[in-house]
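Enquirer: Prediction below, plus the sequence it came from.
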Amino acid sequence: MPSISREEVAYLAKLARLAVTDEELDTFAGQLDIIIGAVARVGEVAADDIPPTSHAVPVVNVLRPDVIRPSLDRDEVLALAPAAEGGRFRVPRILDEPE
């Protein structure tokens, strides 16, 4: 007997605006019961002496050092732009916020 009832699955489907058949209610109830059981088993394994982690192994960012290199001249690039103002590209406003 699943720990989640057909009525609960029907309620969840209604909240998610999903149309499900009676056969699917039974199928989903069984599947959700398996998922709930798996989550419960994970909860049983967690112990107070084990700190919570987001990754199984340490994660480190691999970044290159910042190096100043020659680039395009700003005035030359802005001269090619369709619109420029105050040393920047001018783009159409997309938000209705005051300037």
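Expert: That came in fine, so what should we check first? What you see is a predicted model, and the numbers here were worked out from it, not measured in a lab.
Enquirer: And for Ala29, the neighbour number?
Expert: 19 (other C-beta atoms under 10 Å). Using the backbone N, CA and C atoms, a C-beta is placed for each residue, glycine as well.
Enquirer: Mind giving me the packing neighbours of the worst-scoring helix or strand of the chain on mean pLDDT?
Expert: Least confident helix or strand, the chain: helix 22-45 with a mean of 89, by mean pLDDT, DSSP states H and E. Secondary-structure packing of helix 22-45 (3 or more C-beta pairs under 8 Å, 6 or more residues apart in numbering; DSSP states H and E): helix 6-15.
Enquirer: Now do the helix it packs on against helix 22-45, angle only.
Expert: With axes from the mean of the first three to the mean of the last three C-alpha atoms, to 10 degrees applied, the angle from helix 6-15 to helix 22-45 works out at 100 degrees.
Enquirer: And helix 6-15, what's buried?
Expert: Val9, Ala10 (16 or more other C-beta atoms under 10 Å).
Enquirer: So which other helices or strands are in contact with it?
Expert: By 3+ C-beta pairs under 8 Å, 6+ apart, helix 6-15 packs against helix 22-45.
Enquirer: Name the residues of the helix it packs on that come out as buried.
Expert: Result for helix 22-45 [16+ other C-beta under 10 Å]: buried residues Glu24, Leu25, Phe28, Ala29, Leu32, Asp33.
Enquirer: what about it, distance to the chain center?
Expert: 23 Å (C-alpha atoms, centre = their mean, to the nearest Å).
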